[in-house]
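Chemist: okay, sequence plus prediction incoming.
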Amino acid sequence: MKLKVALGVLIGLAVSAAVVPYLPTDVLRPGIERALERSLGRKVDVGGIRLTLFPGPLPRPGFTLERVTIHEDPRAGIEPLAYVESLGASMRVVSLFQRKLEFSSLNLNDATINMVKTDAGPWNFQFLLENSSANSKRIPSIRMRSGRVNFKFGDTKSVFYFNDADLDVIPSGDGSMELRFGGAPSRTDRSTQEFGRFFVRGTAASQSRRLDLKVELERSPLAETLRWMDPRGFDVHGTVALDAQLSGPPSHLDVAGRIQLAEVHRWDLIPNEVGALNLGFGGTLDLRGERLDLQTTADRNVSPMVIRFRSWDFLKSPHWDAGVDLQQVPLATMLAVCGHMGATLPENLSAQGSVSGSVTYNEPQGMQGRVVVRDASLSVPEETPVEAPVATLDIAGRSINLESASVHIGESQSADIEGSYDLDQPRSLDLKITTRGLSVASMRSFGLEAIPMLEQTAEGTWHGWARYQGGDWSGESELQNARIVLDGLAEPLLIRSASVSLNGKRVAVNRLQAKVGAIAFTGSYRWEPGLEPSEKARPDKFDLKIDEADIAELSHLFAPALLRNRGFLARTLRLGANAPVPAWLKAIRTEGAISIGTLTAGDLRFQGITAQVKWTGPKAQLTELAGSSAPAEFSGDLGVDLSTGTPRYHFDGRAMDIAYKGGALDLEGVLDAEGDGSDLFDSVRAEGTLQGRAILFAPDTEFRSVAARFEMQGGGAASRWKLSNIEANQSGELLAGSGVSQTDGRLVLELVSRGKPLRYTGTLLTAAQQ
């Protein structure tokens, strides 16, 4: 029997469900609209009506209302509270027997709701609660899925809204309501939204006007969440999630909760564990005044940092500021956070010390604050730590300024530093270092890009000032007792003292007093590289003066550049003939003037040597070369080719007043040679013209004058000479012919005078010249 009854009910429901939608309903519209208006306390317009047994998720008698407009309370404006494409209204069955239609629930589909904050302060949903309390009747339960919630302030619509919103309003008998809401925070001025969902759950009491709500934001991209407050964004990436409890009247809600920040980093950097925070917070929220005041709640003994946050007009036109109070925060932690946010810090920098102070941020002024670093110690691997008892940082806008502070490097060295750091791109550092005496090695303790010239300095003392700005150095300083290892020199450069001027990539060294090996010199040197990447490197400029030098010592000092095929095997197999040019030699670009007071070459002494030097890569040119070896003088141009492992020399010039057999010779021509030592003498090749005066060629032969062309091979006593086009004057008699040296060191002249052949024999060199 029961089975038959149940089956009959099911059949009845099925028939009703099939038939009810086709029953005429237009006559019901006025009654339905009045019933809704009584429940919601505002005018309602309904476009179409259909009877249904499924107005909501559960079967019950009701209506499907189409194109429904729920108008607003006049106190909240003229735009409707909601537009609903399809609204399922379930009837309260008891009301049918009371001959007064009432609805128990409203199911909103494809709906748009406007949340309005009036100019007077209250929100429109508060009027809805007041209406329910005043009429001592419950409003229907309201259910919305996948809708949209807009925010308005008076007649102005906010750029903020919730998309894909779900809402449940469940009234209770005491006039309170249970609220459940979930949606995706969005902005109308952004085409894409990447937020997590935002949830609100709790109750709203109409009599006491009290809200008890639990608020939750799912894990969301931090950049998009911040952009919800400020569409310009902050170039900060990571994730954020929060949960909070709100309790109290809408004008003074007590807030308590936790916020989780993870993987916080600048947009172009890779996140790490430094960006993870889990903070408790508390404060108040004024929904009427649109004001939020929060701060972290951790015990100062547990967390040395308190963060404050304020926001106002946060739905209409958001404004906000934030601040942080620091109390002995570890310096290492602060530097790690700064580095993770994009600050340029030396690699493998380690730090000790603490940071205390306060920093705030607001929209018009940016960051403002002042922090004090105490007992700081900064170090990079293999360098002496830089220590500062106290350092004060002033923060203003987009700039951090370091007040002048004394720092110590080791036990006996100190310097004063001051500077600033620009937070805008390219986040440049401006740092000035002033010292009365600091070792070159200690400069590396600052971990900055090496000062030009000092980067190759192994030791020495520096005093003066230097400023690091935009990746370049400027300054004026004195360098003393410095030791510099230079490519191409067999011995280090020892600088006794020098004045150094820095200007970007330009370096000028003046009042230089230095020595290399046994050779001391004074003068100046300037580096002037190209200022633009595409600009060809400019040659260095120098002016050097040497009092005394020995040719053997010079050969030794320049051996790494002159002789790259040293060793018996290399010379025997001629491995240096095609030796590659090293990078340091290719990079040489220098020119200038050099002078040597006295140059010793064996028994020869040359005085007053001067030359203009231009050294480009493996080739060096000495032009305007001049000097003397009393009574002789010489001048010309000397070229040195270092393209192979063996140096090649080419001289084009003249030697005047060379003492020779009681008279003097003038030679003019070219000379070529290569190698060093005996190899150099053996390789000599020369040709040109000569002129002589008062030459006592042999004991019984004197030439008043002589002129000829010459060819020479080899050097010293073993040299071989060939003379042609000889024109000689012997006691007024003119002679002409040629001559050639012999293997025994004699020089034989074959001359003709008035058609008569004459033969003269003498020694090529005197005993002194040999």
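Modeler: Received the coordinates, thanks. All values derive from a computational prediction rather than experimental measurement.
Chemist: at which residues are the helices of the chain located?
Modeler: Taking DSSP state H, the helices of the chain run over residues 2-19, 29-40, 93-97, 124-134, 222-229, 331-340, 440-443, 551-557, 559-562, 568-572, 583-586, 677-682.
Chemist: list the buried residues for the second one?
Modeler: Residues of helix 29-40 classed as buried by neighbour count (16 or more other Cβ atoms under 10 Å): R29, I32, E33, A35, L36, R38, S39, L40. To be clear about C-beta, it is placed using only N, CA and C from the backbone, and glycine gets the same treatment.
Chemist: in TSV, list these along with distance to S420 and pLDDT.
Modeler: Output for these, formatted as TSV (distance: Cβ to Cβ, whole Å; pLDDT from 0 to 100):
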residue	distance to S420	pLDDT
R29	73	85
I32	72	87
E33	69	87
A35	71	86
L36	66	86
R38	69	85
S39	66	81
L40	62	83
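Chemist: what is the nearest of those to G523?
Modeler: Proximity of those to G523 (Cβ to Cβ) peaks at L40, which lies at 96.9 Å.
Chemist: that closest one reaches L128, doesn't it?
Modeler: Yes: counting by Cβ atoms under 8 Å, L40 does reach L128; the two are 7.1 Å apart.
Chemist: find residues that contact each of those two.
Modeler: Common neighbours of L40 and L128, using Cβ atoms under 8 Å, 6 or more residues apart in numbering, are I139.
Chemist: okay, now the unreliable bits of the stretch 201-350 of the chain?
Modeler: Along the stretch 201-350 of the chain, the parts satisfying pLDDT under 70 run over 206-208, 223-225, 227-236, 264-276, 299-302, 315, 339-346.
Chemist: and the strands in it?
Modeler: Along the stretch 201-350 of the chain, counting by DSSP state E, counting those that start in this stretch, strands occupy 210-221, 236-248, 253-266, 277-286, 291-296, 305-312, 319-330, 350-362.
Chemist: buried ones in the second one?
Modeler: Of the residues in strand 236-248, those buried under the neighbour-count criterion (16+ other Cβ under 10 Å) are V236, H237, G238, T239, V240, A241, L242, A244, L246, G248.
Chemist: now do the same contact list for the nearest residue in space to L680 that is not next to it in sequence.
Modeler: Sequence neighbours aside, A673 is the residue nearest to L680 in space, at 5.5 Å (criterion: Cβ to Cβ, 6 or more residues apart in numbering). Counting by Cβ under 8 Å, 6+ apart, A673 touches R648, Y649, L680, F681, S683, V684, R685, G715.
Chemist: show the pLDDT at the fourth one.
Modeler: F681 carries a pLDDT value of 83.
Chemist: burial measure for the nearest residue to it once chain neighbours are set aside, as a count.
Modeler: Take F681 and drop its neighbours on the chain: the residue closest to it by Cβ to Cβ, 6+ apart is G715, 3.7 Å away. For G715, the count of nearby residues is 17 (other Cβ atoms under 10 Å).
Chemist: next: M453.
Modeler: Neighbours around M453, by other Cβ under 10 Å: 21.
Chemist: what does G182 give?
Modeler: Neighbour count of G182, defined by other Cβ under 10 Å: 18.
Chemist: S731 contacts R704, correct?
Modeler: Yes: the pair S731 / R704 is scored as a contact, 7.3 Å apart, by Cβ under 8 Å.
Chemist: how long is stretch 91-110 from one end to the other?
Modeler: Its start and end residues considered, stretch 91-110 measures 21 Å (Cα to Cα, to the nearest Å).
Chemist: now stretch 581-597: average pLDDT?
Modeler: Mean predicted lDDT for stretch 581-597 stands at 93.
Chemist: please put the alpha-carbon coordinates of that stretch into PDB.
Modeler: Extracted C-alpha coordinates of stretch 581-597, given in PDB (Å, rounded to 0.1, in the frame of the first residue of the first chain):
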ATOM      1  CA  VAL A 581     100.600  37.500 -30.200                       C
ATOM      2  CA  PRO A 582      99.300  37.400 -26.600                       C
ATOM      3  CA  ALA A 583      96.100  39.300 -25.800                       C
ATOM      4  CA  TRP A 584      97.900  41.800 -23.500                       C
ATOM      5  CA  LEU A 585     100.300  42.700 -26.300                       C
ATOM      6  CA  LYS A 586      97.500  43.200 -28.800                       C
ATOM      7  CA  ALA A 587      95.700  45.500 -26.300                       C
ATOM      8  CA  ILE A 588      98.600  47.900 -26.000                       C
ATOM      9  CA  ARG A 589      97.700  51.400 -27.200                       C
ATOM     10  CA  THR A 590     100.100  54.000 -25.900                       C
ATOM     11  CA  GLU A 591     102.000  57.000 -27.100                       C
ATOM     12  CA  GLY A 592     104.200  59.800 -25.600                       C
ATOM     13  CA  ALA A 593     107.600  61.200 -25.000                       C
ATOM     14  CA  ILE A 594     110.600  59.500 -23.300                       C
ATOM     15  CA  SER A 595     114.000  60.900 -22.400                       C
ATOM     16  CA  ILE A 596     117.100  59.100 -21.000                       C
ATOM     17  CA  GLY A 597     119.900  61.200 -19.500                       C
END
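Chemist: hmm, back to that, neighbour-wise, which of S731 and R704 wins?
Modeler: For the pair S731 and R704, the greater number of neighbours falls to R704 (15 against 7), based on other Cβ under 10 Å.
Chemist: how much space between that one and E382?
Modeler: 76 Å (Cβ to Cβ, to the nearest Å).
Chemist: now for G739, how many residues are close by?
Modeler: Residues contacting G739 under the criterion other Cβ under 10 Å number 22.
Chemist: check S738 too.
Modeler: The local packing of S738 (other Cβ under 10 Å) involves 16 other residues.
Chemist: please name the bridge partners of it.
Modeler: On the basis of DSSP bridges, S738 is bridged to E750.
Chemist: check contacts around it.
Modeler: For S738, the contact set (Cβ under 8 Å, 6+ apart) comprises K722, L723, S724, N725, I726, L749, E750.
Chemist: repeat for E750
Modeler: E750 neighbours (Cβ under 8 Å, 6+ apart): G737, S738, G739, P757, L758, R759.
Chemist: buried only: go through the contacts of A673 for me.
Modeler: Among these, the ones that count as buried by 16+ other Cβ under 10 Å are R648, Y649, L680, F681, S683, V684, G715.
Chemist: what about those, which are in strands?
Modeler: In strands, defined here by DSSP state E, the members of the buried ones among the contacts of A673 are R648, Y649.
Chemist: quick check, nearest of the buried ones among the contacts of A673 to E85?
Modeler: R648 (95.0 Å).
Chemist: so in terms of bridging, what pairs with that closest one?
Modeler: Here R648 shows beta-bridge partners D641, E674, assigned using DSSP bridges.
Chemist: same check, this time on the one 10 residues further on
Modeler: Beta-bridge partners recorded for I658 (DSSP bridges): L665.
Chemist: from V68, how far out is A35?
Modeler: Relative to V68, and taking Cβ to Cβ, A35 is found at 13 Å.
Chemist: kindly report the same for F198.
Modeler: 26 Å.
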